[in-house]
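Q: got a predicted model here, sequence first, then my questions.
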Amino acid sequence: MWTLVAVLREVDDLDQPADAPVVPGSGRPARVVERLLDRLAWSPYPKAIVLYLVIRTASVQLLALLAARRGMTLSDRLTAWDGQWYLRLAVHGYADLPGTLDAARQPYSDAPMAFFPLYPKFVEAVMWLGVDVVSAALTVSVLAGLVLACGLVRIGRAVSSDRGDRPGLLLVALWAGAPMAIVFSMAYTEAVFCAFAVWALVGVLERRWVPAGLCAFAAGLSRSTAVVLVAVVVIAALVAAFRRAEERLPALLGAVVAPLGVVGYLGFVAYRTGSWTGWQDIELRGWNTEFDFGVETWESVLARLTADESVFSTLTVLFLLGAVALAVVAVCTRVPWPLTLYGLGVLLLAIGTRGLPDAKIRFILPAFPVLIPIAVGLSKRRTGTAVAAVVAWVVLGAWFSAHALTAWRYAI
């Protein structure tokens with residue numbers, strides 16, 4: 001989004017008087033195009049997009065291979081579990097959907113409101129172009145993934161400017177190939193939420209408070225995880241408003257706008273259900289999900305590390321512990337505090353919530369700042385070493401993702 005602004009400014013610079021007067025017909029439009037193409041060639045965004053698409057395509061192809069071996073279709077796997085809810089919401093909205101049940105398999109008409117509205121609305125908008133609902137849903141996820149890839153490059157530049165775009169591109173590769181990153185290619189909200197979350201944090205780091213607030217607002221209409229993002233944006237904006245008089249107005253405006261999305265939707269659910277805790281009530285009745293300060297997670301970790309569990313369950317625990325360790329490293333290596341606070345907040349929210357313990361890896365995917373120390377560290381290594389490490393990570397993540405959707409029997 002801000003790239004467009006930069007390009008337009010480039011065009012505007014060309015409109016300014018040069019040392020020599022511009023004569024009509026002197027080839028000035030050609031010079032404009034040449035400057036824009038030159039800027040694009042040096043931009044890291046095309047590289048980030050290509051890198052992201054290559055990794056995600058390879059992951060989807062592996063999923064297709066494993067699905068075919070089990071008599072499954074790729075389309076069915078990419079729209080599994082929560083994907084079916086989002087497809088139905090895109091077609092029917094929040095009207096009473098037939099067959100909605102709670103965790104006890106009893107009819108529950110309020111269940112659809114557990115899912116936030118922005119992603120199905122985007123899918124609905126693409127459907128207006130004459131695209132079927134499955135293609136529209138996957139298209140939205142792919143496009144959102146490209147946006148978040150570009151944002152990760154900006155994050156990398158902000159945290160390690162002396163290394164150029166190398167840390168950012170490595171961050172793109174690490175996140176695109178992470179375990180359960182397959183959801184970025186599914187009919188799920190993760191790609192849309194993460195796209196807005198990354199650009200909101202770019203806004204915070206670059207002190208662009210209004211865009212940061214707007215992105216946090218949109219993220220708040222995508223997933224409940226946005227409460228962490230909103231808190232970070234609001235705190236950072238208020239600190240800036242207090243410390244810098246010249247930023248006070250945009251910072252306060254960003255702080256006001258940021259929470260409106262998540263607060264607005266939770267308020268809508270409260271109104272529809274007649275309860276101030278309406279959304280939390282739906283999560284509890286529909287999915288046995290509630291915040292228990294990590295009690296269930298702790299019990300699950302102990303049980304799976306001391307029992308003969310499946311490969312998926314064991315790796316889920318190990319990846320979760322690895323994410324916690326990386327969060328500690330992020331704190332120790334002084335990753336900018338808004339990124340660290342956001343990453344820690346997402347981890348604490350996922351770990352502290354009871355219900356669907358085997359979906360924890362998907363829940364912590366938005367905590368991308370925990371990968372920043374790895375990306376920065378690899379950027380200082382030889383190219384061959386960095387590539388080998390990233391390829392190994394991507395292969396592991398692609399296999400884990402495909403295994404979760406083909407061999408694992410439960411929700412991810």
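A: Okay, I see it. Numbers count the residues shown, from 1 in each chain.
Q: quick one: residues in contact with the helix or strand that Ala173 is a member of.
A: Element membership of Ala173, judged by DSSP states H and E, is helix 166-176. With Cβ atoms under 8 Å, 6 or more residues apart in numbering as the test, helix 166-176 has contacts from 44, 47-48, 51-52, 55-56, 145, 149, 152-157, 159-160, 181, 184, 368, 371-372, 374-376, 378-379, 386, 390, 393-394. C-beta coordinates here come from the backbone N, C-alpha and C atoms, glycine included.
Q: same deal with stretch 259-276?
A: Residues contacting stretch 259-276 (Cβ under 8 Å, 6+ apart): 110, 113, 116-118, 216-222, 224, 226-227, 230, 234, 277-279, 281-282.
Q: what do you get if the cut-off is 7 Å, keeping everything else the same?
A: 110, 113, 116-117, 217-221, 226-227, 230, 234, 278-279, 281 (Cβ atoms under 7 Å, 6 or more residues apart in numbering).
Q: out of those residues, who has the most neighbours?
A: With neighbours defined as other Cβ atoms under 10 Å, the most crowded of those is Ala219; it has 32 neighbours.
Q: excluding covalently adjacent residues, which one is nearest to that residue?
A: Nearest non-adjacent residue to Ala219, counting by Cβ to Cβ, 6 or more residues apart in numbering: Phe196, 3.9 Å away.
Q: let me see the contact set for the closest residue to Asp292 other than its chain neighbours.
A: Closest residue in space to Asp292, ignoring its immediate chain neighbours: Arg354 at 4.1 Å, by Cβ to Cβ, 6+ apart. Applying Cβ under 7 Å, 6+ apart to Arg354 gives the contacts Thr289, Glu290, Asp292, Val295, Glu296.
Q: want to throw those into CSV with secondary structure and neighbour count?
A: Shown next, in CSV, are the contacts of Arg354 (DSSP: H, G, I helix; E, B strand; the rest coil; neighbours: other Cβ atoms under 10 Å):
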residue, secondary structure, neighbour count
Thr289, coil, 20
Glu290, strand, 14
Asp292, coil, 14
Val295, helix, 11
Glu296, helix, 19
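Q: ok, back up a step: can you tell me how far the residue nearest to Asp292 is from Ala197?
A: Here the criterion is Cβ to Cβ, to the nearest Å. By it, Arg354 lies 24 Å from Ala197.
Q: quick one: Arg69 from Phe291, how far?
A: 39 Å.
Q: of those two, who's got more company?
A: Neighbours were counted for Arg69 and for Phe291 using other Cβ under 10 Å; Phe291 has more, 14 against 10.
Q: do a quick rundown of the strands in the stretch 201-350 of the chain.
A: For the stretch 201-350 of the chain, the strands defined by DSSP state E, counting those that start in this stretch occupy 290-291.
Q: below-threshold pLDDT in it: ranges please.
A: 308-309 (pLDDT under 70).
Q: just the helices in it please.
A: Secondary structure of the stretch 201-350 of the chain by DSSP state H, counting those that start in this stretch: the helices cover 209-219, 226-243, 248-257, 260-273, 278-287, 295-305, 311-332, 337-351.
Q: in PDB, list the C-alpha atoms belonging to the helix holding Ala173.
A: Output in PDB follows, covering the C-alpha atoms of helix 166-176 (Å, rounded to 0.1, in the frame of the first residue of the first chain):
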ATOM      1  CA  ARG A 166      18.500 -10.100   3.300                       C
ATOM      2  CA  PRO A 167      17.000 -10.500   6.800                       C
ATOM      3  CA  GLY A 168      13.600  -9.600   5.500                       C
ATOM      4  CA  LEU A 169      13.700 -12.100   2.700                       C
ATOM      5  CA  LEU A 170      14.900 -14.800   5.100                       C
ATOM      6  CA  LEU A 171      12.000 -13.900   7.400                       C
ATOM      7  CA  VAL A 172       9.600 -14.400   4.400                       C
ATOM      8  CA  ALA A 173      11.100 -17.800   3.700                       C
ATOM      9  CA  LEU A 174      11.000 -18.900   7.400                       C
ATOM     10  CA  TRP A 175       7.400 -17.800   7.900                       C
ATOM     11  CA  ALA A 176       6.100 -19.100   4.500                       C
END
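Q: residues touching Ala212, list them.
A: Neighbouring residues of Ala212 by Cβ under 7 Å, 6+ apart: Ala200, Gly203, Val204, Val233, Gly254.
Q: err, Phe400, not the other one
A: Counting by Cβ under 7 Å, 6+ apart, Phe400 has contacts Pro179, Met180, Leu315.
Q: could you dump those into CSV with neighbour count and distance to Ala398 added?
A: Converted to CSV, the contacts of Phe400 look like this (neighbours: other Cβ atoms under 10 Å; distance: Cβ to Cβ, whole Å):
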residue, neighbour count, distance to Ala398
Pro179, 24, 9
Met180, 22, 10
Leu315, 20, 13
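Q: in CSV: those residues, plus distance to Leu74.
A: Output for the contacts of Phe400, formatted as CSV (distance: Cβ to Cβ, whole Å):
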residue, distance to Leu74
Pro179, 19
Met180, 17
Leu315, 23
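Q: now, which of those residues sits nearest Tyr342?
A: Checking the contacts of Phe400 against Tyr342 by Cβ to Cβ gives Met180 as the nearest, at 18.9 Å.
Q: model confidence score at that closest one, please.
A: Looking at Met180, its pLDDT stands at 94.
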